[in-house]
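Undergrad: could you look at this predicted model? Sequence included:
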Amino acid sequence: MRRLLEALTVRGRSFVAAGAAAIICGLLIPEPDLVRIGGVLMALPLLSAFGAGRSRYRLSCARSVTPARLPVGQTASLTIRLSNVSKLRTGLLLAEDTVPYALGSRPRFIFEGIGAGGSRSYTYQLGSDTRGRYTVGPLRVRVADSFGLVSITRAFTSTSTLTVTPRIIPLERPAVGGSWLGDSEEGRRSIAASGEDDVAPRDYRTGDSLRRVHWRSTARRGELMVRREEQYWRNTASLFLDTRRMAYSTAMFELAVTAAASIGVHLAGEGFEARLVIDTGEVPRQGSFSDTLLDTLAVVKPSRGTVLEAGVRELGTAGGQVIAVLGEVRPEEARELAATRRGTAPGLALLLTEEGARAAASAAAQVFAGAGWRVAIVADASRLPVAWQELHRGGTRGRGGARGDGFGYGVTDVAGVPAGAAAEAAAGAGGTSGDRGTAHD
């Protein structure tokens, strides 16, 4: 009985109160007709509540969200399909979906009577300016009678998951020579093998440099043989993101996450076999690299860690180029990170710092540049495309160092360059990285 009374709407409770008052007044006057009217007023909502409680609609709810993953600022469509799997026609159904506050207000919609075996669909838009993984649902359905006296709520258990990823900034890099992406059709490139060289020659493979041909073995066997001082591997990259709270302000941490997401998507688009490493270690892959990257960065938060030891150790376990997205790092930490670069593999460091704190970033930049890395100092997201291009072009000319392997190094500071001037400088063929900052030997 208590549950039935709780199901009454304001109108239903008003009917009960008016009926009780009419009965009391009819008994005091006395007036039998007034008592009968009061009895009808009380009986109508109670009978409606009893009938609504006894109704056994069998409903199924199917949900779909498209796309299930989207960058901040964009919207997704969520479709709810409510089906009647019973043999009775439903009454008026008032539905409300459970939506987190960050995604907007809760949508409310009405399903008029759904016949046996029928269904109704409703679609609404979702979006957020805050990255994260959000659970949408479950759907709550209220069964109301025709007079609006009773409202009984039922909830489904199914939910939908919407992942809002960091903003993706399109990145492009200038064309580079074969030393970066290899000369073969498979996109392979060579690097110096670690450890002692195995001087035993092997058969020539497509993409091998003619400089590695072992002519004595070639003359003896009658076919091209090359030395094993080099090993061949598909383009690989390790993307390192420092997530320590001590290294960033709130705004700079979000910029670091945006930069890591943009770089990772760019690497995946170029066919790199990449992995994501943070200061606490490597992030296990779940599916493709892009999925792992975006799902991780959608929910990553500043860590309470104070050292980079675990991340540095993971970086040292694999070859390939290393791309580091960093906040404030001490020179000794920069030296540890710089040591993870192996052989002739490129090392790129993106230092994110506030406009007024570039002096500390310059000290770390000098350490990286001295170890053969290319470095860019960036203060806001608008400079990121320019910095990315300068990381690929700046080291081969200007006042940076030059190495025998063709991989130069230097420091590019694009933090203080106006957006228009930076874009113009990035597009120019005759500029140098030294025009924007200081290169260190």
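TA: Perfect, thanks for sending it.

Undergrad: OK, contacts around the closest residue to Asp279 other than its chain neighbours?
TA: Leaving aside its chain neighbours, Asp279 sits nearest to Gly311 (4.4 Å; criterion: CB to CB, 6 or more residues apart in numbering). Backbone N, C-alpha and C define where each C-beta goes, glycine included. By CB atoms under 8 Å, 6 or more residues apart in numbering, the contact list for Gly311 reads 240, 242, 277-281.

Undergrad: pull the longest helix from this protein.
TA: Longest helix in the chain, counting residues (DSSP state H): helix 32-54.

Undergrad: what's that one packed up against?
TA: Contact analysis of helix 32-54 by 3 or more CB pairs under 8 Å, 6 or more residues apart in numbering; DSSP states H and E lists helix 2-6, helix 10-28, strand 151-155 as its packing neighbours.

Undergrad: same for whatever helix or strand comes next after that helix, what does it pack against?
TA: Once helix 32-54 ends, the next helix or strand along the chain (criterion: DSSP states H and E) is strand 59-66. Contacts defined by 3+ CB pairs under 8 Å, 6+ apart place strand 59-66 against strand 75-84, strand 139-144, strand 160-165.

Undergrad: what residues of strand 59-66 count as buried?
TA: Using 16 or more other CB atoms under 10 Å as the burial criterion, the residues of strand 59-66 that qualify are 59, 61, 63, 65.

Undergrad: wait, the third one touches Leu82, no?
TA: Read that as Arg63. No: between Arg63 and Leu82 there is no contact, the gap being 10.1 Å when judged by CB atoms under 8 Å.

Undergrad: what do the two both touch?
TA: Joint contacts of Arg63 and Leu82 (CB under 8 Å, 6+ apart) are Leu139.

Undergrad: what about the residue nearest to Asp279, which SS state?
TA: At Gly311 the chain is in helix, as set by DSSP: H, G, I helix; E, B strand; the rest coil.

Undergrad: state the distance from it to Ala17.
TA: Separation of Gly311 from Ala17 (CB to CB, to the nearest Å): 68 Å.

Undergrad: and for Lys87?
TA: 37 Å.

Undergrad: who has more neighbours out of those two?
TA: Neighbour count, other CB atoms under 10 Å: between Lys87 and Ala17, Ala17 has more, with 12 against 9.

Undergrad: and Asp291, how many neighbours?
TA: The number of residues packed near Asp291 is 14, by other CB under 10 Å.

Undergrad: and the helices in the stretch 301-441 of the chain?
TA: 309-315, 331-338, 358-370, 384-393, 419-427 (DSSP state H, counting those that start in this stretch).

Undergrad: and of the ones you listed, who's closest to Phe111?
TA: Closest approach to Phe111 among the helices of the stretch 301-441 of the chain (CB to CB): helix 384-393, 47.1 Å.

Undergrad: check which residues of stretch 333-341 are buried.
TA: The neighbour-count check on stretch 333-341 (16+ other CB under 10 Å) flags 333-334, 336-338, 340-341 as buried.

Undergrad: stretch 307-319 now?
TA: By neighbour count on 16+ other CB under 10 Å, the buried set for stretch 307-319 is 308, 311-312, 314-316, 318-319.

Undergrad: start to end distance for that stretch?
TA: Distance between the two ends of stretch 307-319: 22 Å, counting by CA to CA, to the nearest Å.

Undergrad: stretch 107-119 now?
TA: 19 Å.

Undergrad: off-centre distance for that stretch?
TA: Centroid displacement of stretch 107-119 relative to its chain, using CA atoms, centre = their mean, to the nearest Å, is 35 Å.

Undergrad: likewise stretch 259-266?
TA: 10 Å.

Undergrad: try stretch 31-49
TA: Put simply, stretch 31-49 sits 60 Å off its chain's centre (CA atoms, centre = their mean).

Undergrad: for Lys301, which residues are in contact?
TA: Lys301 is in contact with Thr243, counting by CB under 8 Å, 6+ apart.

Undergrad: picking that back up, farthest pair in the contacts of Gly311?
TA: Maximum distance among those (CB to CB): 12.6 Å, for Asp242 and Gly281.

Undergrad: comparing the two, which residue is more hemmed in?
TA: Ranked by neighbour count (other CB under 10 Å), Asp242 and Gly281 place Asp242 first, with 26 against 14.

Undergrad: and the spatially closest residue to the more buried one that is not a sequence neighbour, what pLDDT?
TA: Once flanking residues are discounted, Asp242 sits nearest to Leu326: 4.9 Å by CB to CB, 6+ apart. With respect to pLDDT, Leu326 has a value of 95.
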